[in-house]
Structure formats: structure tokens, C-alpha cells
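*Asks:* Sequence and predicted model, in that order:
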Amino acid sequence: MPGDPAGFLRNVDVGGHKIGSLEAVYVDTSTDEPTMATVQVGLPTRHRLVFVSLDGVIAGPGYVKVNYAKSLVKGGPAIGTDDVLPFEDEEAVFKHYELPYEPGASGERQLARR
């Protein structure tokens with residue numbers, strides 16, 4: 001991406017403070033609309049992926065600005081850089097951002113990584 005030497009989009013908080021690099025986007029399985037993203041945070045030897053809601057997101061050249069404070073995002077549910085979000089932890093991601101969680105009628109996941 002232009003403006004980012006590492007080739008990653010920077011994720012910034014509502015105040016413009018850098019959170020980390022955008023890793024993946026998760027869509028709502030019922031609408032196929034982007035709902036959550038993972039952002040790589042942490043020290044170079046101890047990276048983790050935190051989930052952040054894309055509600056109210058603003059995309060610009062080389063950055064994605066989320067509608068949440070850096071401290072809220074960094075304190076949210078996380079997975080290892082090689083892990084996947086377990087089904088039983090999915091609801092916690094939504095609760096962290098005070099968003100409703102509604103799995104499919106047959107109990108399907110609400111999030112799918114794209």
C-alpha cells in the first residue's frame with residue numbers, strides 16, 4: 001500500500017493513534033458484510049491478533065481508522081498469529097464492543113474470515 005513501507009494498512013484509533021497492522025477482515029456470514037478485523041499488535045517477538053469492530057470505520061490512503069480507543073482495542077479478545085477464533089469465543093468479541101451477537105438459526109458462526 002502507498003505510504004506504508006511494510007506494505008500493510010495501519011490501523012488507527014478514533015484519535016488517530018496507531019494500533020497495529022491490519023491482518024484480516026471478518027464478514028457477517030448472514031450478510032457477507034465486513035464486521036470485524038484483526039490487527040497485529042505486540043512486541044516483535046510476541047505478536048498477537050486483536051479483534052476490532054468495523055462499525056463506523058473510515059478507510060483512507062494507507063490507514064483504516066476505527067471508531068474505538070486504542071486501549072479498548074488492545075484490551076479486547078485476541079488470538080495467536082497462527083490461530084483461528086474458536087466458535088465458543090466468538091460471542092466475547094461482540095460483547096467486548098457492546099454489539100449484539102446472533103449466530104445462525106442452526107447455530108452457524110456469525111463471523112467468517114476473508
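*Replies:* Done, it's in. Residues are numbered from 1 along each chain as shown.
*Asks:* got the phi/psi numbers for residue 31?
*Replies:* Residue 31 adopts backbone torsions of phi -120, psi -20, taken as degrees, to the nearest 10.
*Asks:* Quick one: residues in contact with the helix or strand hosting residue 24.
*Replies:* Using DSSP states H and E, the element containing residue 24 is strand 18-28. Strand 18-28 has contacts (C-beta atoms under 8 Å, 6 or more residues apart in numbering) with 6, 8-13, 33-42, 49-52, 54, 64, 66, 70, 73-74, 81, 110-114. Every C-beta, even on glycine, is put in place using the N, C-alpha and C of the backbone.
*Asks:* From these, list the buried ones, please.
*Replies:* For those, a burial check counting by 16 or more other C-beta atoms under 10 Å picks out 9-13, 35-41, 49-52, 54, 64, 66, 70, 73-74, 110-111.
*Asks:* from these, which ones fall inside helices?
*Replies:* Taking DSSP state H as the definition of helices, the buried ones among the contacts of strand 18-28 contribute 70, 73-74.
*Asks:* Of the residues you listed, just say which sits nearest to residue 29.
*Replies:* residue 73 (22.9 Å; C-beta to C-beta).
*Asks:* and the residue nearest to that closest one when sequence neighbours are not counted, how far is that from residue 85?
*Replies:* The shortest distance from residue 73 to any non-neighbouring residue, by C-beta to C-beta, 6 or more residues apart in numbering, is to residue 52 (4.9 Å). Distance of residue 52 to residue 85, computed by C-beta to C-beta, to the nearest Å: 13 Å.
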